[in-house]
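**Student:** need the 3D shape of this:
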Amino acid sequence: MTAGAADGADPGPAAGVRLRLYRGGGGAALGRITLCRDRQLNALDLAAVEEVRRHLLDCCSGPHAGVAAVLLDSSTPRAFCAGGDVKSARAAVLEAPYLDAPPAGHHIHGVFQAEYQTVVVVDELSRRLPVVALCDGIWMGLGFGLAGYARHRVVTEATVFAMPENLIGLWPDVGFAWRAARLASPSLGIYLALTGARVASASDLMWLGVATHYCHSSKVAALREAVEAAPAEADAAVAAHCSDPGGPGPLRRCAAAVERCFGPLLRYSEAGQTEAGALQQLMARIEAELASPGADDESRDLLRAALDSMRAVSPGSLAITLRHFSLVAAAAAEAGAADGSRGAGAAAGGGGGGSGEGGGGGLSTLRGVMAAEYRMAVRRVAAPDFLEGVRALLVDKDRSPAWRPASLEGLEASEAAGVAAPLPAARGVAGLELGEVDAALAALDARGRAAAAAAASAAAAAASRAV
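**Tutor:** Numbers count the residues shown, from 1 in each chain. Coordinates of the predicted model:
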């Protein structure tokens, strides 16, 4: 097979995800997973997420095991991935309502098992081989879950990033709390999470640590071809085709104002505050900053938009976001996981150690965060605010959600804590299941050890012959 030629290309299943295998120089293989739901801006339903997950696992231990690198991209420059199919999740809950947690076999379990397993396998695979995500166009929500833990997260001048889940009564999930604790500043992470602010500056995304590389959209095809031609040299190909995005973006220019307002938030529990009280104080700080004669116009515009956004979204979601992100940030700080974790190398791993309510190593690990978020997600999508938020934004599209409660004053202190509690054993599902993921990764590791042993044996034999 010639370098860069497709080997056994999948013509593209109905799910809207395509896997192509490429044989590059020296026979090294690349697994290229392309999202093909152009009309939906690659918003992925359960079938599509399961296809991505299956292809990734196949690259570890299935029929495509032995690939030297994985490439994640989109068939349209308009969007890498605009998120998940929340309308289907809402419909599943309305069709089979439940309290506290869904029973075994419920569609909701399938949705979040597939999504969160995919997050974990991308992170784990990136520690073992190059995973390159080309995040051109819209990159939001579940799209971050697919690409946010790749070793190389490549953005362009057209990339628009956001985590807007509070707008539909959910919260920014797919482990964004873990990444937020490791950004240029955790305060900027909680700002992005609470407000759903869009970041359309490649410079800002790289400075934050959300992205690792910048490539002008006119050069993305050349980068893709270079990775296809030499999968074993994917790390070098990314470095060679990417460049500096330029000077500071808007968020970096406004970072000081954001820090003044959002910085105290992550320590709210140390001050004995409730989530509602801390959020009310945040809004008061923003109001004071807006009234300050020393504030510049750009910072005022950003903070005014932040205030408007938080006043429009679900108060319950704001409280859940604040509590979860604060716990994850505290776990990261305690474990020292945030130190030196920015950049391509740090992006590869989920860290280790720590303890907390997450399980799987605690909230200092990505696995632990995903375990906690699984419990949170299956509960939150059955809550009135998720059903109402999706209705208002995506079903009836009246953009007039009736949140319950309607304001921060109506929040109960225990509401945010309850969503992360252990699932009731009687429901038949204990939590996030990672057995298949672990088995695939173990097979990949065994293959790597066998290859290393064979190479060492061959080198020893060659040395012996030379003597």
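**Student:** so how far is residue 286 from residue 292?
**Tutor:** The gap separating residue 292 from residue 286 is 11 Å, by Cβ to Cβ, to the nearest Å. All C-beta spots, glycine's among them, are computed from the backbone N, C-alpha and C.
**Student:** neighbouring contacts of the one helix or strand residue 306 maps to?
**Tutor:** Under the criterion of DSSP states H and E, residue 306 resides in helix 297-312. With contact meaning Cβ atoms under 8 Å, 6 or more residues apart in numbering, helix 297-312 is reached by 167, 191, 194-197, 250-251, 253-254, 256-258, 261, 279, 282-283, 286-287, 289-290, 295, 318.
**Student:** what is the burial count for the closest residue in space to residue 176 that isn't next to it in sequence?
**Tutor:** Excluding the flanking residues, the one nearest residue 176 by Cβ to Cβ, 6 or more residues apart in numbering is residue 163, at 5.3 Å. When neighbours are counted by other Cβ atoms under 10 Å, residue 163 registers 30.
**Student:** quick one: residue 163 and residue 143 touch, right?
**Tutor:** No - applying Cβ atoms under 8 Å, one finds residue 163 not in contact with residue 143, separated by 9.8 Å.
**Student:** contacting residues for the residue nearest to residue 50 when sequence neighbours are not counted?
**Tutor:** In this structure, residue 50 finds its nearest non-sequential neighbour in residue 114, 4.9 Å apart by Cβ to Cβ, 6+ apart. Applying Cβ under 8 Å, 6+ apart to residue 114 gives the contacts 46, 49-50, 53.
**Student:** and the strand or helix carrying residue 114, average pLDDT?
**Tutor:** Per DSSP H and E: residue 114 is located in helix 107-126. The average pLDDT within helix 107-126 is 98.
**Student:** which elements pack onto the helix or strand immediately after that helix in the chain?
**Tutor:** Next helix or strand after helix 107-126 toward the C-terminus (DSSP H and E): strand 131-135. Applying 3 or more Cβ pairs under 8 Å, 6 or more residues apart in numbering; DSSP states H and E, we find strand 131-135 packed against strand 69-74, strand 79-81, helix 142-147, strand 152-155, helix 220-229.
**Student:** switch the cut-off to 7 Å
**Tutor:** Applying 3 or more Cβ pairs under 7 Å, 6 or more residues apart in numbering; DSSP states H and E, we find strand 131-135 packed against strand 69-74, strand 152-155, helix 220-229.
**Student:** what's the most buried one of those?
**Tutor:** Among those, strand 152-155 has the highest mean neighbour count (mean count of other Cβ atoms under 10 Å), at a mean of 29.
**Student:** so after that strand, what's the next helix or strand?
**Tutor:** Next in line after strand 152-155, if elements are assigned by DSSP H and E, sits strand 160-162.
**Student:** packing partners for the very next helix or strand once past that next one?
**Tutor:** Next along the chain after strand 160-162, taking DSSP H and E as the criterion, comes helix 176-180. Counting contacts by 3+ Cβ pairs under 7 Å, 6+ apart, helix 176-180 is packed against helix 186-195, helix 315-335, helix 366-380.
**Student:** quick one: low-confidence residue ranges for the protein.
**Tutor:** By pLDDT under 70, the low-scoring segments of the chain are 1-14, 337-361, 467.
**Student:** centre of the chain to stretch 60-75, how far?
**Tutor:** Chain-centre distance of stretch 60-75: 19 Å, with Cα atoms, centre = their mean, to the nearest Å.
**Student:** now the helices and strands packed on helix 176-180 in CSV, with distance to residue 213 and mean neighbour count?
**Tutor:** Output for the helices and strands packed on helix 176-180, formatted as CSV (distance: least, Cβ to Cβ, whole Å; neighbours: other Cβ atoms under 10 Å):
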stretch, distance to residue 213, mean neighbour count
helix 186-195, 20, 26
helix 315-335, 24, 25
helix 366-380, 21, 26
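**Student:** for residue 173, find the nearest of these.
**Tutor:** helix 366-380 (5.1 Å; Cβ to Cβ).
**Student:** next SSE after that closest one?
**Tutor:** Moving toward the C-terminus from helix 366-380, the next element (DSSP H and E) is helix 384-390.
**Student:** which residues sit against that next one?
**Tutor:** 86-87, 90, 93-94, 167-170, 314, 316-317, 380, 401-404 (Cβ atoms under 7 Å, 6 or more residues apart in numbering).
**Student:** restricted to buried residues, select the contacts of helix 297-312 in PyMOL.
**Tutor:** In PyMOL, a selection of the buried entries from those looks like this (16 or more other Cβ atoms under 10 Å):
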select buried, resi 167+191+194+195+196+197+250+251+253+254+257+258+261+279+282+286+289+290+295+318
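**Student:** for residue 55, give its distance to residue 19.
**Tutor:** 4 Å.
**Student:** residues shared between the contacts of the two?
**Tutor:** With Cβ under 7 Å, 6+ apart as the test, residue 55 and residue 19 both reach 31, 33.
**Student:** test my guess that residue 107 contacts residue 92.
**Tutor:** Yes - between residue 107 and residue 92 a contact is recorded at 3.9 Å, counting by Cβ atoms under 7 Å.
**Student:** between those two, which is the more surrounded one?
**Tutor:** residue 92 (19 against 15).
**Student:** the helix or strand hosting that one packs against which elements?
**Tutor:** In this structure, residue 92 sits in helix 86-95 according to DSSP H and E. With contacts taken as 3+ Cβ pairs under 7 Å, 6+ apart, helix 86-95 sits against helix 107-126, helix 384-390.
**Student:** quick one: buried residues of it?
**Tutor:** Buried, per 16+ other Cβ under 10 Å, within helix 86-95: 86-87, 89-90, 92-93.
**Student:** show residues contacting that helix.
**Tutor:** Under Cβ under 7 Å, 6+ apart, the answer for helix 86-95 is 45-46, 107-108, 111, 168, 381-382, 386-387, 390, 394-395.
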